[in-house]
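Engineer: Take this sequence and fold it.
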Amino acid sequence: MLVNNRNEPCGILAINKSSGWTSHDVVAKLRGLYHIKKIGHTGTLDPLAEGLLLVCVGKATKVIRFFERDTKTYEARICFGAETDTYDSTGTVICRSQPLFSRSDLDQVLTRFTGDITQKPPIYSALKKNGKKYYEYAREGKAIDIPERPIHISEINITNDADFPNDVDIKVTCSAGTYIRSLCHDIGHALGTHACMARLKRLSVGSVSLDRAHTIDEIESLPLSERKALLTPIDIFLTFPKIYSKREGDRFIENGGLLHSWNTDDDISGLPDKALVRLYRSDGLFIGVGQKIISEQDPSIKPLKLLI
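Structural biologist: Numbers count the residues shown, from 1 in each chain. Model (predicted):
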């Protein structure tokens, strides 16, 4: 764990968020519990949603953007027969229809939503157009053109169909930027009916799973020293290759300079161009994230974000 001030907590905290809390609520609560201003989450969960929320504390906030691209896994409930303005059960119902599809129809449709596809985000989202959030337009009753975005869905499996065809539970593994609310809405349309998301739980982010998470109540019950002990070192949750500098390379990366083959202990020539890496000093201290620079003659690593 990299901490210049030993009294300042630093690391990643896996939170099991309860439904009803906003991601901002969680961050605000933890800011008070850890007595620190520098704190932020790596990817929003809607108030309806529960499950895994990764929170960066202290200097770890410098690497938040490197977690935002991680693959995520969710459990969701699709409620068929009703469409809402928010695409989930908290919104106002705007259309109703009778779900008349068969189970085989559903199976066939789900296969159409796997792989590389495009998706239109819901208007009730924090994405921006002309510097203004989508949901602000929605609350003003203004219609806007929402472009489709490329996403990737690795897998969709039905986990519970006891109340078919009214409700179906699914498990989804998808790329960053995927809106499960939009997925449920689009599945309904593909089946010739309407649908919205009635429940959502995030099970994992990258290599981190929900079983490693703590609830706010659990953290609040601990003294500050034990709360700090719950923080995981920043580099453990990052999945990029490790690059160690040689002793003569330490001063280069500490000042934002380049690492070359002569001042590293690792072969950087085999890394793909623009590959992200974890940077370590010769004494084994993690100091930040770097990226390989394109060069056939002299491949090098450029520090992107240093934590020192």
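Engineer: Just the pLDDT for the most centrally placed residue in the chain.
Structural biologist: Nearest to the mean C-alpha position of the chain, counting by CA atoms, centre = their mean, stands Gly43 at 4.2 Å. At Gly43, the predicted lDDT confidence score is 88.
Engineer: List the residues that contact it.
Structural biologist: With CB atoms under 8 Å, 6 or more residues apart in numbering as the criterion, the residues that contact Gly43 are Leu53, Leu54, Phe67, Glu68, Asp70, Lys72, Ala176, Val205. C-betas here are computed from N, CA, C, even on glycine.
Engineer: Show me where the stretch 51-200 of the chain has its helices.
Structural biologist: Secondary structure of the stretch 51-200 of the chain by DSSP state H, counting those that start in this stretch: the helices cover 103-112, 134-139, 180-190.
Engineer: most packed of the ones you listed?
Structural biologist: Greatest average neighbour count among the helices of the stretch 51-200 of the chain goes to helix 180-190 (a mean of 22), per mean count of other CB atoms under 10 Å.
Engineer: Contacts for that helix next, please.
Structural biologist: 46, 74, 76, 78-80, 83, 86-88, 106, 109-110, 112-113, 119-122, 153, 172, 174, 194-197, 200.
Engineer: thinking again about what came up before, any idea which of the helices of the stretch 51-200 of the chain scores lowest on pLDDT?
Structural biologist: The stretch with the lowest average pLDDT out of these is helix 134-139, scoring a mean of 88.
Engineer: Output that one in PDB with nothing but the alpha carbons.
Structural biologist: Listed in PDB are the C-alpha atoms of helix 134-139, where the atom choice follows Å, rounded to 0.1, in the frame of the first residue of the first chain:
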ATOM      1  CA  TYR A 134     -29.600  13.200 -20.000                       C
ATOM      2  CA  TYR A 135     -31.800  13.000 -17.000                       C
ATOM      3  CA  GLU A 136     -31.900  16.800 -16.700                       C
ATOM      4  CA  TYR A 137     -33.500  16.900 -20.200                       C
ATOM      5  CA  ALA A 138     -35.900  14.200 -19.200                       C
ATOM      6  CA  ARG A 139     -37.000  16.000 -16.100                       C
END
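Engineer: picking up where we left off before, the helices of the stretch 51-200 of the chain into CSV, with extra columns for distance to Ala126?
Structural biologist: Formatted as CSV, the entries for the helices of the stretch 51-200 of the chain read as follows, by distance: least, CB to CB, whole Å:
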stretch, distance to Ala126
helix 103-112, 27
helix 134-139, 7
helix 180-190, 13
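Engineer: Tell me which of those approaches Glu218 most closely.
Structural biologist: Taking CB to CB as the measure, the helices of the stretch 51-200 of the chain were each checked against Glu218, and helix 180-190 came out nearest at 26.1 Å.
Engineer: Specify the angle between the closest one and helix 103-112 in degrees.
Structural biologist: 130 degrees (axes from the mean of the first three to the mean of the last three CA atoms, to 10 degrees).
Engineer: Poorly predicted segments of this protein, please.
Structural biologist: Low-confidence regions of the chain, defined by pLDDT under 70, span residues 1-6, 295-296.
Engineer: again, only using 80
Structural biologist: In the prediction, the chain carries residues with pLDDT under 80 at positions 1-7, 294-297.
Engineer: the domain parsing of it - what is it?
Structural biologist: Under automatic domain parsing, the residue ranges defining each domain of the chain are 11-70+207-236, 72-205, 240-306.
Engineer: Could you work out the most separated pair of the contacts of Gly43?
Structural biologist: With CB to CB as the measure, no two of the contacts of Gly43 lie farther apart than Leu53 and Ala176, at 14.3 Å.
Engineer: Between these two, which has more neighbouring residues?
Structural biologist: When Leu53 is set against Ala176 and neighbours are counted by other CB atoms under 10 Å, the residue ahead is Leu53, at 24 against 16.
Engineer: With that, I have no additional questions.
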